[in-house]
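Undergrad: next one to model:
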Amino acid sequence: MDLSSRLRAIVRGGSSSRDPGSRELTYEPDAGVYHAAVDVDRMGEILGGRPCRTRHGACLVIDRRYESDRWHGDIRIGECELSQCDGLQVLDPSLTALRAQDVQDVEADAPRTLFIDLETTGLSGGAGTVAFLVGCGYFDLGAFQIRQFLLTSFAAERALLAAVSEFFHGARLIVSYNGKTFDVPVMETRWAFHRMEMTLDDVLHFDMLHPARRLWRPRATRVDAMDEGGCRLSTLERTLLDFRRNGDVSAFEIPTRFFKFLRSGDPRPLEPVLEHNRLDLVSLAAVTARAVRLTREGAPACRDGAEALALGRVYDRAGALDRAKSCYVRASASTGVDVRAEALYRLGIQFRRERRFTDAAAIWRDLFHLAGTRAAHASPAMETLRQFAAEALAIHHEHRERNFTTARELAQFALDELTDIESQRADDMRHRLARLDRKIARRGATLFADEQFF
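TA: Now for the predicted structure:
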């Protein structure tokens, strides 16, 4: 097991090899350079927060409220609230247990849906990564309320974890951006390290990063050429929300500012970090709302053919085939050759599933001609789609139209376009050609016999 799994087993009493006489796991902070005394009350005055005292000590809590009529780019805060769960289930089909009451905060003692984002001491991994800022956002009467838990010293980590655990109590759904890979594992590791209860074990988790990649990755990558992975939250702010940050602190600088605070005791370098975290939370809520609105409204809500094509793939993955088809129809009218070609391909697949073979053949013809145009000729993807269309048409003419000559011409074209690497497909195509030659020969022999008879 990895470190996180071993620590989790120890906390739950699942480790049978633990020595009963072993010492209790403890965490002692560095007594060297990080030993400056911290006045939590003074920190609260400077950063606009208040001390949160637990039985393990105190951390700092900062609250900020974004009213419903406030704009974040081109979207109002009040429009970002999640009131339905069907859109989330389309974006992430694994959320089958999600119910409408799980995303609503009406008459709840604690917010049911929490947006979370961490700022950490770095990416060292394992027990070396400490979350010094835990940002949480939730909707309250249409406004977006943000609560941030700030670590005042390494010695106060248990206090921060206890305060966060109490705040998470009662939550039914958490929304994050790359939280399944990073944020939640970091929190679980810290809770396990300090032998504290795993608060998020039974909470449903929606990670917006993965739907964002499916919907907007090509668009985000074009805008930010330096972002190889695409779909950074700051990139989506610009492309989807038309929101631009002014004077924002860079991500790689954030741990340095925290360590500077620990050495000096001066919390002012953390003010930009707090604002950065708040903007991340608001943008996460806005981007999630944009994705959910797309899934609810379908193709009419898409801004262009590329977005319609991406939404169609999301519907396809969720099993909403009719809604996917409407998106492919919208994308098939796109001016972009790549988008139009893939939309035609997926639309033809849909018609074939529905046994609408004549309609599917019409789509394959459009795809075959489109992929052969000068604008598409240099694209390897287009060559592959044209081969596929030729094979599909060959099958249609052989088995549906019984036009063996046309089927043979198409099969021969597909064979000529295949590479040596695709030897299995080439063998299959040669087998098809041989079968077609036999059928053509038999038909010719039959016609000859009929002519002799008459």
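
Undergrad: flag the shaky bits of the stretch 251-400 of the chain, pLDDT-wise.
TA: The stretch 251-400 of the chain contains residues with pLDDT under 70 at 374-378.

Undergrad: what segments of it are helices?
TA: 254-264, 271-297, 305-318, 321-331, 337-353, 357-371, 380-399 (DSSP state H, counting those that start in this stretch).

Undergrad: and residue 84, which of those helices is closest to it?
TA: With C-beta to C-beta as the measure, helix 271-297 is the member of these nearest residue 84 (7.3 Å). Using the backbone N, CA and C atoms, a C-beta is placed for each residue, glycine as well.

Undergrad: could you check how far that closest one is from the centre of its chain?
TA: 13 Å (C-alpha atoms, centre = their mean, to the nearest Å).

Undergrad: now the angle between helix 321-331 and it, please.
TA: When axes from the mean of the first three to the mean of the last three C-alpha atoms, to 10 degrees is applied, the directions of helix 271-297 and helix 321-331 differ by 100 degrees.

Undergrad: angle of helix 271-297 against helix 254-264?
TA: On the basis of the same axes, to 10 degrees, helix 271-297 is oriented at 150 degrees to helix 254-264.

Undergrad: for stretch 164-176, what is the average pLDDT?
TA: The pLDDT scores in stretch 164-176 average 92.

Undergrad: residue 166: how many residues sit nearby?
TA: 13 (other C-beta atoms under 10 Å).

Undergrad: returning to what we had before: now render the helices of the stretch 251-400 of the chain as TSV, adding distance to residue 56 and mean neighbour count.
TA: Output for these, formatted as TSV (distance: least, C-beta to C-beta, whole Å; neighbours: other C-beta atoms under 10 Å):
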stretch	distance to residue 56	mean neighbour count
helix 254-264	19	17
helix 271-297	22	21
helix 305-318	43	22
helix 321-331	50	20
helix 337-353	55	20
helix 357-371	64	19
helix 380-399	57	20
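
Undergrad: of those, which is nearest residue 38?
TA: Closest among the helices of the stretch 251-400 of the chain, once you apply C-beta to C-beta, is helix 254-264, at 8.7 Å.

Undergrad: compare the helices of the stretch 251-400 of the chain and give me the one nearest residue 405.
TA: Here helix 380-399 is closest among the helices of the stretch 251-400 of the chain (C-beta to C-beta), at 8.6 Å.

Undergrad: the closest one - contacts with which helices or strands?
TA: helix 337-353, helix 357-371, helix 404-417, helix 423-453 (3 or more C-beta pairs under 8 Å, 6 or more residues apart in numbering; DSSP states H and E).

Undergrad: ok, 7 Å please
TA: Secondary-structure packing of helix 380-399 (3 or more C-beta pairs under 7 Å, 6 or more residues apart in numbering; DSSP states H and E): helix 337-353, helix 357-371, helix 404-417.

Undergrad: that helix vs helix 357-371, what angle?
TA: Going by the same axes, to 10 degrees, helix 380-399 makes 150 degrees with helix 357-371.

Undergrad: neighbours around residue 169, how many?
TA: Neighbours around residue 169, by other C-beta under 10 Å: 11.

Undergrad: er, residue 40 actually
TA: Residue 40: 22 neighbours (other C-beta under 10 Å).

Undergrad: before we move on, back to that, looking at the helices and strands packed on helix 380-399, which is closest to residue 178?
TA: helix 337-353 (26.9 Å).

Undergrad: alright, calling it a day.
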